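Chemist: Any chance you could fold what I've pasted below:
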Amino acid sequence: MASSIGAVLCGACALPAAASRIDPAIPNIFSPASTPADSIYHLSLFVLAICAGIFLTVFTLLAYAVVKYRQRAGDDGREPPQIYGSNQMELAWTVIPVLIVVVLFLATARVIHAVEDARLPPSTLEVTAIGHQFWWEFQYPQQGFVTANELHVPVGQGADGRPTRIQLLSADTDHSFWVPKLAGKTDLIPNRVNEMWIEPHETGMYVGQCAQYCGVQHAKMLLRVIVESPADFRKWAAAQQNPAAQAGNVAHGREVFESTACVNCHTVAGTNAHGKFGPDLTHLMSRETIAAGAAANTRENLRQWIKDPDVIKPGALMPAMQMSEADIDAVTDYLQSLR
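Modeler: Numbers count the residues shown, from 1 in each chain. As a prediction, the model looks like this:
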């Protein structure tokens, strides 16, 4: 967590004064919307204030030396007498930096302790996030369903609010879960269990992504956190627990889907598709994006994703299925019926 907070502070690319003018969907640590992010935000302001003070002090002394000791008309150009050694100066440039480092260390340790050792209530929502190349799997053990790439949580404050604890696992290589407005980044490491928590203050959609280079499509391993009112979250969770509602005449598309290698990678509840390598597709059309946020979830994009994933996400591990145009249309119709 310490390295996570440091990375957040060093990676900031916005200014507090501009926070109110930034699109709420744009990742920005200077517009916190969750308790852990709020703690990091105030720490970042403190660190920036100290750094600004150091900069102004050094710049002022440098400007003073440049102006006072500049060469003037009439100088003979000879080097002035040199003075070696000053106990006062050496003491100052040793003690003052040490004090600054100690203050920064204590401030950072205080925030790390507050975030990592927070006591969460029994009502806390439990979610398991698993990083894959190059998508996110979200398991809801309390509700008994699985989804992908778009994490739904209830607002964390208010009479019926509840925080969310996220257990972080990796299915392959190193990943990192980072939604700047909600919390600092935390790594997902193979054969290790990490965790983090969020307590969103208000409803909305918050954008994040993998913050650890994990392969060719690392940059397009995006994620969305949709914060809903407690009532809306319960409604969404209830819908996810139900079998997919299929609409229209999609029998041929389902037959093609179940007779290809699609079932080896994907799960659709109520069918013979039980694969775990790719995202669960049971309620695919309840998501706004496909390919881990790389494209909007439209019929055109979905069809292209089935036909040739590399067009949308070069280097994606999903293969082109080499279907006929008619079969691609049928499978697209079937997947669009999964709501």
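Chemist: How far away from the center of its chain is the helix or strand encompassing His113?
Modeler: Using DSSP states H and E, His113 sits in helix 87-116. Distance, stretch centre to chain centre, for helix 87-116: 30 Å (C-alpha atoms, centre = their mean, to the nearest Å).
Chemist: Please apply the same query to stretch 216-230.
Modeler: On C-alpha atoms, centre = their mean, the centre of stretch 216-230 falls 7 Å from the chain's centre.
Chemist: Now that stretch: buried residues?
Modeler: Counting neighbours by 16 or more other C-beta atoms under 10 Å, one finds that the buried residues in stretch 216-230 are 217-218, 220-228. For glycine as for every other residue, the C-beta is placed from the backbone atoms N, C-alpha and C.
Chemist: what's the answer for stretch 231-244, then?
Modeler: Under 16+ other C-beta under 10 Å, the buried positions of stretch 231-244 are 233, 236-237, 240, 244.
Chemist: can you redo those residues as TSV with pLDDT and distance to Val179?
Modeler: As requested, these are exported to TSV (pLDDT from 0 to 100; distance: C-beta to C-beta, whole Å):
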residue	pLDDT	distance to Val179
Phe233	96	17
Trp236	95	18
Ala237	95	20
Gln240	94	20
Ala244	77	27
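Chemist: Taking those, tell me the two that lie furthest apart.
Modeler: Phe233 and Ala244 (19.6 Å; C-beta to C-beta).
Chemist: how many other residues sit next to the residue nearest to Thr332 when sequence neighbours are not counted?
Modeler: Excluding the flanking residues, the one nearest Thr332 by C-beta to C-beta, 6 or more residues apart in numbering is Arg303, at 4.5 Å. By other C-beta atoms under 10 Å, 18 other residues sit near Arg303.
Chemist: picking up where we left off before, which elements pack onto the helix holding His113?
Modeler: In terms of contacts (3 or more C-beta pairs under 8 Å, 6 or more residues apart in numbering; DSSP states H and E), helix 87-116 is packed against helix 2-11, helix 35-68.
Chemist: average pLDDT for the first one?
Modeler: So the one you mean is helix 2-11. Mean per-residue pLDDT for helix 2-11: 46.
Chemist: Redo the buried residues of stretch 231-244 as CSV? Include secondary structure and distance to Ser44.
Modeler: Below are the buried residues of stretch 231-244 laid out as CSV (DSSP: H, G, I helix; E, B strand; the rest coil; distance: C-beta to C-beta, whole Å):
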residue, secondary structure, distance to Ser44
Phe233, helix, 30
Trp236, helix, 33
Ala237, helix, 34
Gln240, helix, 36
Ala244, coil, 43
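Chemist: picking up where we left off before, need the residues that contact the next helix or strand after the helix holding His113.
Modeler: Where DSSP H and E defines the elements, the next helix or strand beyond helix 87-116 is strand 125-132. Contact with strand 125-132 is made by 136-142, 151, 153-154, 162-172, 175, 177, 188, 210, 214, 221, 277, as judged by C-beta atoms under 8 Å, 6 or more residues apart in numbering.
Chemist: Then stretch 218-228?
Modeler: Stretch 218-228 has contacts (C-beta under 8 Å, 6+ apart) with 33, 131, 133-136, 149-155, 175, 177, 179, 182, 198, 200, 202-210, 212, 214, 236, 288-289, 291-294, 313.
Chemist: List buried residues within those.
Modeler: 33, 131, 133-136, 149-155, 175, 177, 179, 182, 198, 200, 206-210, 212, 214, 236, 289, 291-294, 313.
Chemist: Provide a list of residues in contact with the residue nearest to Asp160 when sequence neighbours are not counted.
Modeler: Spatial nearest neighbour of Asp160, chain neighbours left out: Pro230 (4.1 Å); criterion: C-beta to C-beta, 6+ apart. Counting by C-beta under 8 Å, 6+ apart, Pro230 makes contact with 154-155, 158, 160-162.
Chemist: what residues go with each domain of this protein?
Modeler: 1-70+86-230, 251-336 (automatic domain parsing).
Chemist: Include distance to Arg78 when you put those into TSV, please.
Modeler: Compiled in TSV, the domains of the chain are given as follows (distance: least, C-beta to C-beta, whole Å):
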stretch	distance to Arg78
domain 1-70+86-230	14
domain 251-336	66
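Chemist: Worst mean pLDDT among those?
Modeler: domain 1-70+86-230 (a mean of 88).
Chemist: Please enumerate the strands of the stretch 101-250 of the chain.
Modeler: 125-132, 135-140, 145-148, 150-154, 164-170, 175-178, 186-188, 194-198, 204-210, 222-228 (DSSP state E, counting those that start in this stretch).
Chemist: Nearest to Asp38 among these would be which one?
Modeler: Across those, closest to Asp38 is strand 194-198 (C-beta to C-beta), at 10.9 Å.
Chemist: And the closest one, what's buried?
Modeler: Buried residues in strand 194-198 (16+ other C-beta under 10 Å): 194, 196-198.
Chemist: Can you list the strands that it pairs with?
Modeler: If you go by DSSP bridges, strand 194-198 pairs up with strand 164-170 (antiparallel).
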